[in-house]
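Undergrad: Predicted structure and sequence below. I'll ask about it afterward.
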2 protein chains.
Amino acid sequence: MKTPQDAFTTYLSEKNLKMTPQRRLILDTFIDEKQHLSPEELYDKVKKVDPSIGQATVYRTLKLLVEAGIVESLDFADGVSRYEVSWGEEHHDHLICERCGKNIEILDDVIEKRQEAIAKEHGFTLSHHKMYLYGLCSKCGRKRS
Amino acid sequence: MKTPQDAFTTYLSEKNLKMTPQRRLILDTFIDEKQHLSPEELYDKVKKVDPSIGQATVYRTLKLLVEAGIVESLDFADGVSRYEVSWGEEHHDHLICERCGKNIEILDDVIEKRQEAIAKEHGFTLSHHKMYLYGLCSKCGRKRS
DNA sequence: AGGTGGATGAATATGCTTCTCAATACGGGA
DNA sequence: TCCCGTATTGAGAAGCATATTCATCCACCT
């Protein structure tokens, strides 16, 4: 399996774009974090290594990483945009606590298969999907609202 | 079944808020459209009836309608925020063509049941969920990219 | 090594959404 | 029905995240 870094380099050269120290640093930093990061969080971490880097470069690189299929954007419905490294990771969806923000990654074969079947019924070729389950976790559920 | 308008009035009075001509007009306009609307589209339509209405009022009312459970926000991943009237409507998810924007409403019992089961396994009480399937519709799939 | 088109950082712009504030109007109570 | 307190409104300004501009820089092919 190609590493995300290799995949990114390949993607860039296919598009006649260039691998640069900044792009490399941004991807490496993201991978090290293994977390859901907002563009600003990522920018902060990257800046600790190379303070000269610009916000714009982080946004531009994030966009490229999404296009390259290495990173994907998330929507936790809390108004903050987030990304996670998806390359080489098994696909998963999210179960989110609306009170405390707790976030559980889930994967369910039954659902995945039904999604494919539904798409097929409508003549669609599925490229990806997003599923978010929102509710209260056991701890928060116990407390009164 | 209460109409959305009644439900809104009830919600407002519970919260010690007031029903106003603007709020009524915004909701009525939204219901007439029976479509996925962005705040701006809704604003444009409302303005045709009452040109004196302000954008802020549309945003404020939309927020109230979501809180009241009459309208829900959608995320078609195209950078535009949209809403749809959900009161009195059966819940559904969306199958979206990434090329032409075609949007099919879907509903699948198998998936809905699995979602509940998964939440339960993790001790969660589900309040709602979002599921979006992205891909190419039959027409767009035939054409080359 | 040299040339060229892409990449960068800083500042600025953009676009959507929210806030501020003074003026207005709803709606419960007399 | 009129009053009054409080929520609401419209307009403009502010915020915030993201995108763009532009002059300079540099990665990569030959």
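TA: Yep, that arrived. Residues are numbered from 1 along each chain as shown, chains lettered A, B, ... in the order given.

Undergrad: Around DNA strand D, pick out the residues from chain A.
TA: A:13, A:18-21, A:38-40, A:55-56, A:59-60, A:63, A:81 (Cβ under 7 Å from any atom of the strand). Just so you know, the C-beta spots here come from the backbone N, C-alpha and C atoms, and that holds for glycine as well.

Undergrad: For ChimeraX, write the selection for the buried entries among these.
TA: Applying 16 or more other Cβ atoms under 10 Å in any protein chain shown to the residues of chain A next to DNA strand D, the buried members can be selected in ChimeraX as follows:
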select /A:39
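
Undergrad: Distance from the chain centre to stretch A:46-57, please.
TA: Relative to its chain's centre, stretch A:46-57 lies at 20 Å (Cα atoms, centre = their mean, to the nearest Å).

Undergrad: Need the mean per-residue confidence for it.
TA: Taken as a whole, stretch A:46-57 has a mean pLDDT of 96.

Undergrad: likewise stretch A:16-26?
TA: Here the average pLDDT along stretch A:16-26 is 96.

Undergrad: mind checking the end-to-end distance for it?
TA: 19 Å (Cα to Cα, to the nearest Å).

Undergrad: Closest to the centroid, which residue in chain A?
TA: residue A:84 (2.5 Å; Cα atoms, centre = their mean).

Undergrad: contacting residues around the one helix or strand that residue maps to?
TA: Here residue A:84 sits within strand A:81-85, counting by DSSP states H and E. Residues outside strand A:81-85 that contact it (Cβ atoms under 8 Å, 6 or more residues apart in numbering or on different chains): A:4, A:30-31, A:34-39, A:42, A:62, A:65-66, A:70-76.

Undergrad: Stretch A:20-35 now?
TA: Contacts for stretch A:20-35 (Cβ under 8 Å, 6+ apart): A:4-5, A:8, A:12, A:37, A:42, A:45-46, A:49-50, A:53, A:57-58, A:61-62, A:64-65, A:70-71, A:83-85.
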